[in-house]
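J.: Dropping the sequence and predicted coords here.
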2 protein chains.
Amino acid sequence: MWMTIDLNSEIPIYSQIRNQIIEGIVTGSVRTNDSLPSVRQFAADLGINLHTVNKAYNLLKQEGFVQVHRQKGAVVNPPDSYRANDEYYTNVNEALRPIIAESLCRGVAREDFLNICERIYEEYGNVKEGDNNG
Amino acid sequence: MWMTIDLNSEIPIYSQIRNQIIEGIVTGSVRTNDSLPSVRQFAADLGINLHTVNKAYNLLKQEGFVQVHRQKGAVVNPPDSYRANDEYYTNVNEALRPIIAESLCRGVAREDFLNICERIYEEYGNVKEGDNNG
DNA sequence: TATATGTTATATATATAATATAACAGATAT
DNA sequence: ATATCTGTTATATTATATATATAACATATA
């Protein structure tokens, strides 16, 4: 299984799991209708508690990325289930504002900042809209 | 005093203070050599504890934005004291990666994302590098 | 000398994060 | 039928982060 957990990170373990599953959807290693490992199996593989995995799965469920069935486990939804909406755009803005303010404060030119973003976009393979999985 | 604190936010109060002071440097309402309010005065104004303000000030100190004198309080450093360095660029990348991955996953096109960033940059007044204060 | 500053030290309360066990309910394979 | 695997729920415990409450200390200044 891909996925590496940093126990010393300030990012909670369940957030690390969530983020890496979303990364998996982007890069194509996780596809629509894929079943994620069971909470017990995944927890054992990572050497952590099943409740931590469960928390990550329920977060992904709440955000529309997966559906949790009692028997099939967590199944990845089709892209239409988690398309960006107004709420998400609001969240992105609120997340970016302090980052950009600090960059501006530290003398990072607009062009440089946009280049950083573009580099990350390319790192994820220049996936086209609606073409990231399915 | 500008600065509004949202006690119900999931963002810690000391982070809100830190972020808004950095915003103040960007917009020009806080300038080099300005003294920030004393921890007791600021805490009283905001209706919070002085230790919460002190934590924000020490964070800003650790990040190079201010110098804390025993008597003068927290004084804003000149821009050269907090210019972006390699460590900061690493931090920005780590902060942006999960945001961009999720945007990509949710079908936000690269152009749209960059437009959001540009809009925020313009919101802060298109300050030129090295010209944001001083 | 009084006052204001940041600093340090305790103590407490609350919330979050993570773990540890245990049991429950439902589907599936043997 | 029975064993096994699923997510789920329930309790309890530990550790850490956040925020507050008091108090005292050291130092510069009016």
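T.: Looks like it arrived, so ask away.
J.: now check whichever helix in chain A runs longest, is it near DNA strand D?
T.: Longest helix in chain A by number of residues (criterion: DSSP state H): helix A:86-105. No: counting by CB under 7 Å from any atom of the strand, DNA strand D is not contacted by helix A:86-105; separation bottoms out at 14.3 Å. Any C-beta I mention is one placed from the backbone N, CA and C, and that applies to glycine too.
J.: what does the average pLDDT come to for that helix?
T.: The average pLDDT for helix A:86-105 rounds to 98.
J.: go on, stretch A:112-122?
T.: So the average pLDDT for stretch A:112-122 ends up being 97.
J.: Can you list the buried residues in that stretch?
T.: For stretch A:112-122, burial by neighbour count (16 or more other CB atoms under 10 Å in any protein chain shown) applies to A:Phe113, A:Ile116, A:Cys117, A:Ile120, A:Tyr121.
J.: Just send the residues you listed back as TSV, with secondary structure too.
T.: As requested, these are arranged in TSV below (DSSP: H, G, I helix; E, B strand; the rest coil):
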residue	secondary structure
A:Phe113	helix
A:Ile116	helix
A:Cys117	helix
A:Ile120	helix
A:Tyr121	helix
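J.: give me the subset of these touching DNA strand C.
T.: Of the buried residues of stretch A:112-122, not one also sits near DNA strand C (CB under 7 Å from any atom of the strand).
J.: a markdown table for those, including distance to DNA strand D?
T.: Below are the buried residues of stretch A:112-122 laid out as a markdown table (distance: CB to the nearest atom of the strand, whole Å):
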| residue | distance to DNA strand D |
| --- | --- |
| A:Phe113 | 25 |
| A:Ile116 | 25 |
| A:Cys117 | 26 |
| A:Ile120 | 25 |
| A:Tyr121 | 30 |
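J.: do you know how far the closest residue to A:Ile13 other than its chain neighbours is from DNA strand D?
T.: Once flanking residues are discounted, A:Ile13 sits nearest to A:Thr52: 5.2 Å by CB to CB, 6 or more residues apart in numbering or on different chains. For A:Thr52, the distance to DNA strand D equals 11 Å [CB to the nearest atom of the strand, to the nearest Å].
J.: can you tell me the helix or strand for A:Thr52?
T.: Counting by DSSP states H and E, the element that carries A:Thr52 is helix A:50-62.
J.: helices or strands up against that helix?
T.: Secondary-structure packing of helix A:50-62 (3 or more CB pairs under 8 Å, 6 or more residues apart in numbering or on different chains; DSSP states H and E): helix A:13-27, helix A:39-46, strand A:66-69, strand A:73-76.
J.: give the contact list for the residue nearest to A:Ile13.
T.: Contacts for A:Thr52 were tallied using CB atoms under 8 Å, 6 or more residues apart in numbering or on different chains; they are A:Ile13, A:Tyr14, A:Ile17, A:Ala43.
J.: And A:Ala43, by the same measure?
T.: Counting by CB under 8 Å, 6+ apart, A:Ala43 has contacts A:Asn49, A:Leu50, A:Thr52, A:Val53.
J.: do A:Tyr121 as well
T.: A:Tyr121 neighbours (CB under 8 Å, 6+ apart): B:Ile100, B:Leu104, B:Arg110, B:Phe113.
J.: Which one (most neighbours) among these?
T.: B:Leu104 (26 neighbours; other CB atoms under 10 Å in any protein chain shown).
J.: Could you check how far that residue is from chain A?
T.: According to CB to the nearest CB, to the nearest Å, B:Leu104 stands 5 Å off from chain A.
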